[in-house]
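>>> Attaching a predicted model along with its sequence, questions to come.
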Amino acid sequence: GVSLAFDGPARVITVSNQKGGVGKTTTTVNIASALASLGARVLVIDLDPQGNASTALGVPHTADTPSVYDVLIDEFPLADIIQISPESDRLFCAPSTIHLAGAEIELVSQVAREHRLRTALDDYLAGDVQPVDFVLIDCPPSLGLLTINAFTAAHELMIPIQCEYYALEGLSQLLGSVRMIQKHLNPRLHLSTILLTMYDGRTRLAQQVADEVRSHFTEQVLRTVIPRSVRVSEAPSFGQTVIAYDGASAGAVAYREAAVEMARRGQNNNEGAS
Ligand code: ADP
Ligand code: MG
């Protein structure tokens, strides 16, 4: 069995990649659900106006639902918008609504526009009576102000990489943005984790991409890879993660293993630091 202690301060992890369709949302909700199934309390912040993470977590996010938009633009407390996922009483979601699409532009003229999420999250974590162990932030596929808010709020960056041609393209731009954030907004942000997703081991290309990523990022790449699996892609249409939808499927097993790796690494990091 797996025994993990969740007793440190919350780890705030932003799941980012400026490419769309690489598995950011799928990774966010499945790692979150897997961590909750291991006993952790997990908050997912849905920063993508499309709201796919809110959908997958079974949380209502119609236009009139209080959402991350209200937190960023009208300074609602995060606690006021958080919902509990029907999947687990340890799994929480700050939903996105379609209004968030306008926030990218509305934020431009606001005071402390890069720090809005950070401030809200710090207030929430300081005031939370039953603290969360993980905060996972699902980012839109761009490096705009929403993603900058996530980078400013987070300690860790997790990059999902799809094992296909062009996988590494754009990565240097992403890492360049991270360096800018470290220098000007958030020195504690670091690339902690890379997860290889939608892996099809039957193709030479997938193996080559995986090898290349591992040779560049020896420390960060998780040993576990997420296989391409129909069950993973079906789950959101039932308002579920694959962990709940088909917990014995290859995708669910892989996401649980990846979550265990992440939790263990964090424990090791904390031990190393103290
Ligand atoms: P992003 O958030 O980066 O845009 P998504 O997580 O939405 O990417 O994934 C893009 C598409 O790929 C979705 O339709 C999703 O269901 C599908 N998908 C993601 N991971 C897998 C997987 N391991 N196997 C099969 N389909 C997947
Ligand atoms: Mg997404």
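That came in fine, so what should we check first? Ligands and ions are numbered 1, 2, ... in the order given.
>>> How many residues are close by Gly21?
Gly21: 11 surrounding residues under other Cβ atoms under 10 Å. The C-beta positions use only the backbone N, C-alpha and C, and glycine is treated the same way.
>>> Is it in a helix, a strand, or coil?
With DSSP: H, G, I helix; E, B strand; the rest coil as the basis, the three-state label of Gly21 is coil.
>>> who touches it in this structure?
Neighbouring residues of Gly21 by Cβ atoms under 8 Å, 6 or more residues apart in numbering: 141, 162.
>>> mind checking how far it is from ligand 2?
Here Gly21 is placed at a distance of 8 Å from ligand 2 (Cβ to the ion, to the nearest Å).
>>> How confident was the prediction at the most far-flung residue of the chain relative to its centre?
Relative to the mean C-alpha coordinate of the chain, counting by Cα atoms, centre = their mean, the farthest residue is Arg204 (28.6 Å). Turning to Arg204, the model gives it a pLDDT of 92.
>>> can you check Gln267 too?
At Gln267, the model reports a pLDDT of 66.
>>> mind listing the helices for the chain?
For the chain, the helices defined by DSSP state H occupy 24-37, 52-56, 68-74, 100-106, 116-127, 145-153, 171-184, 204-216, 230-234, 242-245, 250-273.
>>> what helices or strands is the last one leaning on?
Which is helix 250-273. Applying 3 or more Cβ pairs under 8 Å, 6 or more residues apart in numbering; DSSP states H and E, one finds that helix 250-273 contacts helix 24-37, strand 190-197, helix 230-234, helix 242-245.
>>> What is the neighbour count of Gln173?
Here the count is done by other Cβ under 10 Å, and Gln173 has 11 residues near it.
>>> Start at 210, not 1
With the count now opening at 210, the last piece we talked about shows up as Gln382.
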